[in-house]
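Asker: can you look at this prediction? I've put the sequence above it.
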Amino acid sequence: MTAPRKPKLAVWKFSSCDGCQLSLLDCEDELLEVAGAVEIAYFLEATRAEVPGPYDLSLVEGSITTPHDVERIKEVRRQSKALVTIGACATAGGIQALRNFADVKEFTSIVYARPDFISTLATSTPIAAHVPVDFELRGCPIDKRQLIEVLSAFLARRKPVTPAHSVCVECKLKGNVCVMVAHGTPCLGPVTHAGCGALCPTYDRGCYGCFGPMETPNAPALSRELATLGLDEGALKRIYSTFNVNADAFREEAKRHGN
Ligand code: SF4
Ligand code: SF4
């Protein structure tokens, strides 16, 4: 009797820093089990082999920033039974979405000696703005435990279990003292999606929102609290204008504090 075919996994990169793909390679203890459960068919960061599609699961890192990306993601979608986006770039447009609020031609003229060689779009947009996405995993970078949960859920044909609450709840679960209440440290934890295990507040730092907005954030209420800690309009705008600047709740709150 022949063994059942292993699901084919593909990992794709668009505009990104590779940090989220590295989270998969960082699963040292689990990687061999993952490799035993799936056929890693396309993962240029880790393997030389390129097994042609179709693929059972595609993990997509990065945002859409070039005309070529727009066409390539459609082809990736065509070849993928399930498509999961990983990281702030793929789910919100990433830090590179700062271009969405500026003149990209001015940026390229400053950065490149020959900007006329650069073919780029005026915006950086998430994958879901271009093709249907089956699940979005947040973070900059993603959390490897959540990535393993997504892979396990896919293999078991169930929905991934990832919390929808805020980083604040993770702090409470860990027994952390609130950095904002106890020390007056500005923190985006109340509006930020859980998943990191409250990494920064655990080390007495404020959260800067790398997992993006939680499902029902009240950013205006948090901004009022941050203002009492001394953040002026410019600082409030900047605090929301990082990796997830193009995620709806953060973008709208940044806009409320200036253009
Ligand atoms: S989400 Fe962050 S870590 Fe992941 S690829 Fe983008 S910049 Fe890198
Ligand atoms: S505490 Fe905030 S900034 Fe720090 S890792 Fe978690 S989500 Fe990211």
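Answerer: Done, it's in. Ligands and ions are numbered 1, 2, ... in the order given.
Asker: pretty sure Leu9 sits against Tyr55.
Answerer: Yes - Leu9 is within contact range of Tyr55, at 6.8 Å (criterion: CB atoms under 8 Å). (Glycine included, C-beta is placed from N, CA and C.)
Asker: close to ligand 2: what parts of the protein are there?
Answerer: Neighbours of ligand 2 within the chain, by CB under 6 Å from any ligand atom: Val167, Thr192, Cys196, Ala198, Leu199, Cys200, Pro201, Cys207, Tyr208, Gly209, Cys210, Phe211.
Asker: the second one contacts Met214, doesn't it?
Answerer: Yes - here Thr192 reaches Met214: they are 6.2 Å apart, a contact under CB under 8 Å.
Asker: counting contacts, what elements does the strand or helix carrying Glu252 pack onto?
Answerer: Secondary structure assignment for Glu252, by DSSP states H and E: helix 248-256. Using 3 or more CB pairs under 8 Å, 6 or more residues apart in numbering; DSSP states H and E, the elements in contact with helix 248-256 are helix 219-228, helix 233-240.
Asker: next, the buried residues of the shortest one.
Answerer: In terms of neighbour count (16 or more other CB atoms under 10 Å), helix 233-240 has its buried residues at Leu236, Lys237, Ile239, Tyr240.
Asker: same question, the first one
Answerer: Residues Ala219, Leu222, Ser223, Leu226 are the ones in helix 219-228 that count as buried (16+ other CB under 10 Å).
Asker: pLDDT of that helix, averaged?
Answerer: The average of the pLDDT scores along helix 219-228 is 97.
Asker: grab the CA positions of that helix and hand them over as CSV.
Answerer: Taking C-alpha atoms only, helix 219-228 is exported to CSV below (Å, rounded to 0.1, in the frame of the first residue of the first chain):
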residue,chain,number,x,y,z
ALA,A,219,-7.7,54.0,20.0
PRO,A,220,-9.2,57.5,20.7
ALA,A,221,-9.7,56.5,24.4
LEU,A,222,-6.1,55.3,24.6
SER,A,223,-4.9,58.5,22.9
ARG,A,224,-6.6,60.6,25.6
GLU,A,225,-4.8,58.6,28.3
LEU,A,226,-1.5,58.9,26.4
ALA,A,227,-2.0,62.7,26.2
THR,A,228,-2.2,62.8,30.0
